[in-house]
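**Q** Based on what follows, work out the 3D shape:
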Amino acid sequence: MRRCIQFLFSCLTLCSGIAGAPVVAGEDTFPADKLEDLKQNVLKLNRDLLILEEDLLYPAQSQVAFYVSVDVGEYFKLDAVKLHIDNKLVASHLYTDHQRSALIRGGIQPLYKGNLKSGDYTISAFFTGIGPQGREYKRAATLELEKTDEPAVIELRIADASGKQQPEFELVQWPAP
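**A** Purely as a prediction, here's the structure:
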């Protein structure tokens, strides 16, 4: 498999060198339609290489992905998230105003994508931000994950609890596709 990737990379390098070579006056020029075909082939090879790389780095049977979402965001202004798997920090993110705005408008931010073997794991997410009355707010949410051979997708959800006038933090595992 590694040789296949090296071969594809070599082809891409060679083709991009040919496509970008300067044309000298008096030389036979490469026909435009063949050049366009060559460019399309290079783009297709590049796409195939990226897909192959993704499959090699994150095989479906061990894949795990974490996403952050915010519902309304009236009672909590998100500043940072830290993600731990079995007490090991695997991802953290500091949020800008632009990113917070996108989350409040319904966006979902990919936080971490990695591999986990089948087994039991403790997932912990630590949220830092500004809570009600403008005070600093730190909360955590935990999920006991039983990883199988199926890809696992977990959402770190921040939702407003209007009755309590407090934010709620939870980790939700999406059903397997």
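
**Q** use CA for all of it now, contacts and neighbours both
**A** OK.

**Q** Downstream of the longest helix along the chain, the next helix or strand is which one?
**A** Criterion DSSP state H: the longest helix present in the chain is helix 32-57. Toward the C-terminus, helix 32-57 is succeeded by strand 63-71 as the next helix or strand (DSSP states H and E).

**Q** which strands and helices sit next to that following strand?
**A** Counting contacts by 3 or more CA pairs under 8 Å, 6 or more residues apart in numbering; DSSP states H and E, strand 63-71 packs against helix 97-104, strand 108-115, strand 152-161.

**Q** part of a strand, is Gly73?
**A** No - under DSSP: H, G, I helix; E, B strand; the rest coil, Gly73 sits outside any strand and is assigned coil.

**Q** For it, the count of nearby residues, please.
**A** For Gly73, the count of nearby residues is 19 (other CA atoms under 10 Å).

**Q** and it, what does it touch?
**A** 104, 158-160, 167 (CA atoms under 8 Å, 6 or more residues apart in numbering).

**Q** Distance of the most centrally placed residue in the chain relative to Ala141?
**A** For the chain, the residue nearest the mean C-alpha position is Pro110 (4.2 Å; CA atoms, centre = their mean). Using CA to CA, to the nearest Å, Pro110 is found at 18 Å from Ala141.

**Q** Please dump the helices and strands packed on strand 63-71 into CSV; it should also carry mean pLDDT and distance to Gln63 for every row.
**A** Below are the helices and strands packed on strand 63-71 laid out as CSV (pLDDT from 0 to 100; distance: least, CA to CA, whole Å):
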stretch, mean pLDDT, distance to Gln63
helix 97-104, 93, 24
strand 108-115, 94, 5
strand 152-161, 92, 6
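
**Q** surely Asn115 meets Gln63?
**A** Yes - checked against CA atoms under 8 Å, the pair Asn115 and Gln63 is within contact range at 4.7 Å.

**Q** Make CSV from the helices and strands packed on strand 63-71 and add distance to Ala176 to it.
**A** Shown next, in CSV, are the helices and strands packed on strand 63-71 (distance: least, CA to CA, whole Å):
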stretch, distance to Ala176
helix 97-104, 24
strand 108-115, 16
strand 152-161, 7
